[in-house]
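**Student:** Make a model of this:
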Amino acid sequence: MTEPTPFTVAFGKTARTLEYRDGVGLVMFTFDISSDGRTLFLEHHGVRKARPSNYEEAFSRSKRFLQARGYKVEEEGVARLPVPLTDKEAAALISAQVILPIPAFVSLIDTPVRALFEDDAGAAPWSLWLVAELKSGSHSGHKLVFDEHTRQFGVTSPKGVFLGFWGSFRQTLEALCGT
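**Tutor:** Sure thing, here's the model as predicted:
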């Protein structure tokens, strides 16, 4: 039987933070407090950047640390990352949201493909599902993408820069092309 990894959890030096340390390193979590002071809202890290390998254990242990001190703990922020979708799962999820008929200037990708797109602010790249490309018109070359975490469609520039989420497939097309 393997020994549990030694770790510590403590309230951070910065307001409303927890510091989790183990052999992998430091993971900091933020939390908020309810108005009655009895519930803490422990924040998950975002999904855009890779989480450290010890993230799940760090979050779980930090939550137990707070509960052992008598707090009710609710998870906030982006929920735990789900297991990434397979190509087949992504295709099924996306096709269920694509509303027909598709305008002639939109070319659907037969099987959506995961691709990396630059961030318009220079931050970490976005890993999104490529769904369609606009073939003609003033937005020719723009691509429609899908994010499995937010379940939203968005748009990238012809040069592969992610421009933002615009909602459903139809909302995205309407916002981009007025269709």
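**Student:** alpha carbons only for contacts and neighbour counts from here, please
**Tutor:** Will do.
**Student:** Go through the lengthiest strand in the chain and flag the buried ones.
**Tutor:** Within the chain, and with DSSP state E defining each element, the longest strand by residue count is strand 106-119. Burial within strand 106-119, assessed by neighbour count using 16 or more other Cα atoms under 10 Å, is assigned to Val106, Ser107, Leu108, Thr111, Pro112, Val113, Arg114, Phe117, Glu118, Asp119.
**Student:** and the next element down the chain from it?
**Tutor:** Counting by DSSP states H and E, the next helix or strand C-terminal to strand 106-119 is strand 126-134.
**Student:** what are the pairing partners of that next one, and which direction each?
**Tutor:** With DSSP bridges as the test, strand 126-134 is paired with strand 106-119 (antiparallel), strand 143-147 (antiparallel).
**Student:** Mean pLDDT and distance to Arg69 added to these, as TSV?
**Tutor:** As requested, the strands paired with strand 126-134 are exported to TSV (pLDDT from 0 to 100; distance: least, Cα to Cα, whole Å):
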stretch	mean pLDDT	distance to Arg69
strand 106-119	89	40
strand 143-147	93	37
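**Student:** between those, which gets nearest to Cys177?
**Tutor:** strand 106-119 (10.2 Å; Cα to Cα).
**Student:** Pull the residues that contact that closest one.
**Tutor:** Strand 106-119 has contacts (Cα atoms under 8 Å, 6 or more residues apart in numbering) with 87, 90-91, 124-136, 156, 160-163.
**Student:** what separates that strand from the chain centre, distance-wise?
**Tutor:** 17 Å (Cα atoms, centre = their mean, to the nearest Å).
**Student:** Doesn't Ala96 lie inside a helix?
**Tutor:** Yes: judged by DSSP: H, G, I helix; E, B strand; the rest coil, Ala96 forms part of a helix.
**Student:** What does the pLDDT read for it?
**Tutor:** If you check Ala96, the pLDDT there is 90.
**Student:** Send over the longest strand of the chain as PDB, restricted to the C-alpha atoms.
**Tutor:** These are the backbone C-alpha positions of strand 106-119, laid out as PDB (Å, rounded to 0.1, in the frame of the first residue of the first chain):
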ATOM      1  CA  VAL A 106     -21.400  28.200 -44.800                       C
ATOM      2  CA  SER A 107     -19.300  25.000 -45.300                       C
ATOM      3  CA  LEU A 108     -19.800  22.500 -42.400                       C
ATOM      4  CA  ILE A 109     -16.800  20.400 -41.500                       C
ATOM      5  CA  ASP A 110     -17.900  16.700 -42.000                       C
ATOM      6  CA  THR A 111     -16.400  15.700 -38.600                       C
ATOM      7  CA  PRO A 112     -15.500  18.500 -36.200                       C
ATOM      8  CA  VAL A 113     -11.800  18.600 -35.300                       C
ATOM      9  CA  ARG A 114     -10.200  20.000 -32.200                       C
ATOM     10  CA  ALA A 115      -7.800  22.800 -33.000                       C
ATOM     11  CA  LEU A 116      -5.900  25.500 -31.100                       C
ATOM     12  CA  PHE A 117      -6.700  29.100 -31.800                       C
ATOM     13  CA  GLU A 118      -4.800  32.200 -30.700                       C
ATOM     14  CA  ASP A 119      -6.400  34.500 -28.100                       C
END
